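Q: model the following, please.
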Amino acid sequence: MQAILKNKFNITVFVVFFVIGLIGVFHHEIWRDEGQVWLVVRDLNIFGIFDHVRVEGHPLLWYFFVLPLAKLNLPVFSMQLLSFCFMAAAAAIFLWFSPFSKLSKICVLFSAGILYSLTVISRNYSIIPLFVFLTAVFYNKQRQRPYIYSFLNILLANTHVLMFGFCFAAAAVFGYENIIKNKENIKLKRDYIISFALMLLSLFSIVVYVFSSPLKNFSVNVQPLNIFSIEKIWDTGVWFLTNLYFSNKFVLVLAAVSILCALIVVFLENKKVFFITLAGFLSQLAIFVCGGCGVSNEKAVLSLIILLFGFWIILQDRELSKVKKIFINILVILIFGLSFNLSYMLYKNDYLYDYSGSKRVAEFIKNNIEKDAVLVSTNDLTAAGAIAYLPPERKFYTYLYDNYYSYAYAQKYIASKPFEFKKPEKLKGKKVYYLYSALGFPQTDKKIIFISDKNTLIVTEYFFVIKDE
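A: Just a heads-up that it's a prediction; the model follows:
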């Protein structure tokens, strides 16, 4: 403990990261993807959560972390604080236990993906860095601590499908090194076999759970395998880099070359770690190309975190030359430092403007709309953020389900029909307001009583409240 407290550099960087991140969290208005998780765990029982989440294409871990907060009727901001705590813990592990240089640590923690997308926005991506960093810490201790290593693998596999390839490769290397090649620790072989079996069981259960009904997943439009054309892969790669750096061609090319050099270095220095890293990269590429869900900053940065894992293990090699250590740190500085401009832009915009109109419209509803009134939503997805800020007894209705609802659920869709500012038959005799969220101004002669800030960053969550008269 004294050694930890004596490291003034780590303490200073951690405090700066903590304060900047926390300020960002306090200024961030959740949007539909954040609100959806909260509503699912708030309004469903355990069996309902199991049944629903696979339709969204996610493992369950993040939902179960959020579950106690929602069931205790805490405000949705508690979920934001929870994800921030995970990222703060990840930052602490990275600062005190990683073998990177001081400048590399600064570049990683204040890059766009780490400082903003994973720290400020509350989603399942936020729990990934902590488990990746802990896996790196225990990688060279897996023979002494097989159960801890397998437990970390299981946790990481259940964060997001984008980590499946990485976890599968890590489990395969564990099995090869500690079971197939192991001729020394025969007494521990049973522990290795059990640990390996637990990892495989976890991965198999994820495949069965998440991929059993991909066509019902409203967040993913599954594409056929023949979509793997050179053009599609190239476009995905360009979009990947653009989401990480959002800059001119020179920066994008420099970043691409740095990432390629990083993969080559990992390959040359440690083939097993390269296998894990490459499997993580390629599985994410396959999901980006075939999944049809697109690439965003928080998704793309996961690839860089996997690359960081590879460098972490290599730098722990005592026989690695000083020149190679310097070169690896230069690559880390480039790969993460080149996103500083995007990091500043994303953080600044979220600080100055409403990320979504969810919080503002929820406050208006809470203070100005009668408690027994019903809000008819024009979009079940975009309204999730606003609904999450409101108590469960506040009633929302959508034409898509022809019923009351809170969270979005594609399997309940009825035949689609154009939205009309007309009171549904089910709501006759009730006070009705319309919650309109779509591109463009609502075409209606009814009275608009609320309009979101025109500078709202998520343009599809620019809300209007319209009174039925």
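Q: distance check, Trp96 against Val13.
A: Relative to Val13, Trp96 is positioned 10 Å away (CB to CB, to the nearest Å). Where you see a C-beta, it was placed from the backbone N, CA and C, and this is true even at glycine.
Q: when these two are compared, which one has more neighbours?
A: The residue with more neighbours, out of Trp96 and Val13, is Val13; 19 against 15, by other CB atoms under 10 Å.
Q: what residues does the one helix or strand the more buried one maps to touch?
A: Using DSSP states H and E, Val13 sits within helix 8-27. Helix 8-27 is contacted from outside by 4-5, 80-81, 84, 87-88, 91-92, 95-96, 102, 105-106, 109-110, 115-116, 119-120, 122, 347, 350-351, using CB atoms under 8 Å, 6 or more residues apart in numbering.
Q: quick check: buried residues in it?
A: Residues Asn10, Val13, Phe14, Phe17, Phe18, Ile20, Gly21, Leu22, Gly24, Val25 are the ones in helix 8-27 that count as buried (16 or more other CB atoms under 10 Å).
Q: any quick ChimeraX command for the buried ones out of the contacts of helix 8-27?
A: Buried residues within the contacts of helix 8-27, by 16+ other CB under 10 Å, are selected in ChimeraX with:
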select :80,81,84,87,88,91,92,95,105,106,109,110,115,116,119,120,122,347,350
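Q: from the contacts of helix 8-27, which land in helices?
A: Counted as lying in helices by DSSP state H, out of the contacts of helix 8-27, are 4-5, 80-81, 84, 87-88, 91-92, 95-96, 102, 105-106, 109, 347, 350-351.
Q: where does the prediction get shaky in the protein?
A: Low-confidence segments of the chain, defined by pLDDT under 70: 1-6, 185-187, 213-228, 291-294, 410-418.
Q: how about the strands in it?
A: Counting by DSSP state E, one finds strands in the chain at the ranges 374-377, 395-398, 403-405, 432-437, 447-451, 463-467.
Q: nearest to Phe309, of these?
A: strand 432-437 (39.2 Å; CB to CB).
Q: out of the strands of the chain, the one nearest Ala172 is which?
A: Proximity to Ala172, assessed across those by CB to CB, is greatest for strand 403-405 (42.8 Å).
Q: quick one: strands adjacent to that closest one?
A: strand 395-398 (antiparallel) (DSSP bridges).
Q: quick one: contacts for Lys141?
A: Contacts of Lys141 (CB under 8 Å, 6+ apart): Ile148, Tyr149.
Q: could you count how many residues lie near Phe419?
A: Residues near Phe419, counting by other CB under 10 Å: 17.
Q: show the contacting residues for it.
A: Phe419 touches Thr378, Tyr399, counting by CB under 8 Å, 6+ apart.
Q: can you show me the helices along the stretch 301-450 of the chain?
A: In the stretch 301-450 of the chain, helices defined by DSSP state H, counting those that start in this stretch lie at 322-337, 340-352, 358-368, 384-388, listed in chain order.
Q: deepest of those, which one?
A: helix 384-388 (a mean of 30; mean count of other CB atoms under 10 Å).
Q: name the residues that touch that helix?
A: Under CB under 8 Å, 6+ apart, the answer for helix 384-388 is 29-36, 38-39, 42, 76, 356-359, 361-362, 365, 394, 396, 406-408, 435, 461, 463.
Q: can you give the distance of the helix holding Val13 from its chain's centre?
A: 20 Å (CA atoms, centre = their mean, to the nearest Å).
Q: what angle do it and helix 102-109 make?
A: 10 degrees (axes from the mean of the first three to the mean of the last three CA atoms, to 10 degrees).
Q: take helix 8-27, keep the C-alpha atoms, and write them as PDB.
A: C-alpha atoms of helix 8-27 as PDB (Å, rounded to 0.1, in the frame of the first residue of the first chain):
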ATOM      1  CA  LYS A   8       3.000  10.400  -7.300                       C
ATOM      2  CA  PHE A   9       2.800  10.100 -11.100                       C
ATOM      3  CA  ASN A  10       0.200   7.400 -11.000                       C
ATOM      4  CA  ILE A  11      -1.800   9.200  -8.300                       C
ATOM      5  CA  THR A  12      -1.700  12.400 -10.300                       C
ATOM      6  CA  VAL A  13      -2.800  10.800 -13.600                       C
ATOM      7  CA  PHE A  14      -5.500   8.800 -11.800                       C
ATOM      8  CA  VAL A  15      -7.000  11.800 -10.000                       C
ATOM      9  CA  VAL A  16      -7.000  13.800 -13.300                       C
ATOM     10  CA  PHE A  17      -8.700  10.900 -15.100                       C
ATOM     11  CA  PHE A  18     -11.200  10.400 -12.300                       C
ATOM     12  CA  VAL A  19     -12.200  14.100 -12.100                       C
ATOM     13  CA  ILE A  20     -12.500  14.600 -15.800                       C
ATOM     14  CA  GLY A  21     -14.400  11.400 -16.200                       C
ATOM     15  CA  LEU A  22     -16.800  12.100 -13.400                       C
ATOM     16  CA  ILE A  23     -17.500  15.600 -14.600                       C
ATOM     17  CA  GLY A  24     -18.300  14.100 -18.000                       C
ATOM     18  CA  VAL A  25     -20.700  11.500 -16.400                       C
ATOM     19  CA  PHE A  26     -22.500  14.300 -14.500                       C
ATOM     20  CA  HIS A  27     -23.000  16.200 -17.700                       C
END
